[in-house]
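# Output the structure for:
(one chain, ligands or ions: 1)
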Amino acid sequence: MAEEPVIRAEGLAVAFNGNTVFRDVTFEVRRGEIFVILGGSGCGKSTLLKALIGLVPLAAGRAFLLGEELAAARDDATRRALLRRIGVMWQSGALFGSMTLAENVELPLEEHTALPRPAREALARAKLGLVGLGDAAARLPAEISGGMAKRAGIARAMALDPPLLFLDEPGAGLDPITSAGLDRLIVDIARDTGTTFVVVTHELQSILAIGDRCIMLDKQARGMIAEGDPRRLREESTHPTVRAFFRREAA
Ligand SMILES: Nc1ncnc2c1ncn2[C@@H]1O[C@H](COP(=O)(O)OP(=O)(O)OP(=O)(O)O)[C@@H](O)[C@H]1O
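This is a model prediction of the structure:
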């Protein structure tokens, strides 16, 4: 029997004030893959991410994460237990400025575990090491570069060892070289730890560099217009919008 997907989205729809952002969004994310949600500005990428983790209500459809349906959770404790197994790095996911990087990464451990301080510190340092910031644990966010801040954000999102990690526009605001370095880090973490990634982005280089599979959302279509391996979509898609997206920026 095929392994249960990490995410199963069935006919998802979201509307704000009666305006449909997307409908009929159906896909599966498999264990250990890097799955990209892509599309132009305003097509609903971030909204889909929020809908998957229950921050935006679904107008239709069902979403299963790690085999469980958040919307069907019988109480708050069940919801929290599921969400604790999911890491999220928001685009605006700023680190707390008055705390060192290590303290930032320790926060989720402090909130969600009863581990004693030395254990929390050791785990935080290990996570910072994983993202290449082993030497920067004592630094404050104001003292580090944008790329380092993103790495620290990933370390914090991984504090509780979630099997599933959502990244919202990880390359936003970074120069191309720093962004490419972050892409390599994401691929390395996925391969080394088996973590499943769902990455929201519209940056083509990034999509081609990291994406095992993707879906493309479209504002006009109010839904999905493509699904599959991004490299194959670039070569083979006959959909004009998909072709335009992959060809324009790849050229
Ligand atoms: N809370 C909200 N209330 C009303 N409309 C919203 C809300 N959140 C998002 N929208 C609308 O939903 C649509 C999709 O927005 P969303 O931010 O998900 O797009 P996106 O693809 O992530 O865009 P970008 O790449 O620019 O971040 C937009 O038209 C936006 O204005």
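
# Show me what counts as buried in stretch 55-68.
By 16 or more other C-beta atoms under 10 Å, the buried positions in stretch 55-68 come out as 56, 58, 59, 61, 63, 64, 65, 66. Every residue, glycine included, has its C-beta placed from N, CA and C.

# Point out the residues in the protein that sit beside the ligand.
Residues of the chain found near the ligand (C-beta under 6 Å from any ligand atom) are 16, 21, 39, 41, 42, 43, 44, 45, 46, 47, 202.

# Scan the residues you listed and report the most crowded one.
For these, the largest number of neighbours (other C-beta atoms under 10 Å) sits with residue 39, at 27 neighbours.

# List the residues that contact that one.
Residue 39 sits next to 45, 202, 216, 217, 218, 219, 245 when contact means C-beta atoms under 8 Å, 6 or more residues apart in numbering.

# Grab the nearest non-local neighbour of residue 97.
residue 141 (5.2 Å; C-beta to C-beta, 6 or more residues apart in numbering).

# from the middle of its chain, how far away would the longest helix belonging to the chain be?
Assignment by DSSP state H gives helix 176-193 as the longest helix of the chain. Chain-centre distance of helix 176-193: 13 Å, with C-alpha atoms, centre = their mean, to the nearest Å.

# so where's this structure shaky on pLDDT?
Filtered on pLDDT under 70, the chain yields the residue ranges 1-2, 92-93, 249-251.

# Could you rerun that using 90?
Filtered on pLDDT under 90, the chain yields the residue ranges 1-4, 40-41, 70-81, 83, 90-94, 173, 202, 247-251.

# in the stretch 1-150 of the chain, which spans are strands?
Shown for the stretch 1-150 of the chain, the strands assigned by DSSP state E, counting those that start in this stretch span residues 7-16, 19-29, 34-38, 60-65, 68-69, 86-89.

# now, of the ones you listed, which is deepest in the fold?
With neighbours defined as mean count of other C-beta atoms under 10 Å, the strands of the stretch 1-150 of the chain peak in mean count at strand 34-38, which reaches a mean of 25.

# Now residue 39. Nearest residue, chain neighbours left out?
In space, residue 39 is closest to residue 217, 3.8 Å off (C-beta to C-beta, 6+ apart).

# what's the angle from the host helix or strand of that neighbour to strand 34-38?
If you go by DSSP states H and E, residue 217 is part of strand 213-218. Relative orientation of strand 213-218 with respect to strand 34-38: 10 degrees, computed using axes from the mean of the first three to the mean of the last three C-alpha atoms, to 10 degrees.

# Dump strand 213-218 to PDB, keeping only the CA atoms.
As requested, the backbone C-alpha atoms of strand 213-218 are provided in PDB (Å, rounded to 0.1, in the frame of the first residue of the first chain):
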ATOM      1  CA  ARG A 213       7.200  18.900  -7.300                       C
ATOM      2  CA  CYS A 214       5.000  21.900  -7.400                       C
ATOM      3  CA  ILE A 215       1.600  23.300  -8.000                       C
ATOM      4  CA  MET A 216       1.000  26.600  -9.700                       C
ATOM      5  CA  LEU A 217      -1.900  28.800  -8.700                       C
ATOM      6  CA  ASP A 218      -3.300  31.500 -10.900                       C
END
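
# re the thing from before, now do the residue nearest to residue 97 against residue 100, distance only.
Taking C-beta to C-beta, to the nearest Å as the measure, residue 141 falls 9 Å from residue 100.

# Now stretch 127-140: buried residues?
Taking 16+ other C-beta under 10 Å as the criterion, stretch 127-140 shows 127, 128, 130, 131, 133, 136, 137, 140 as buried.

# wait, I meant stretch 164-173
164, 165, 166, 167, 168, 169, 170, 171.

# Identify the residues contacting the residue of the stretch 101-250 of the chain at minimum distance from the ligand.
Across the stretch 101-250 of the chain, the shortest distance to the ligand (C-beta to the nearest ligand atom) belongs to residue 202, at 5.5 Å. Residues near residue 202 by C-beta under 8 Å, 6+ apart: 38, 39, 40, 41, 45, 169.
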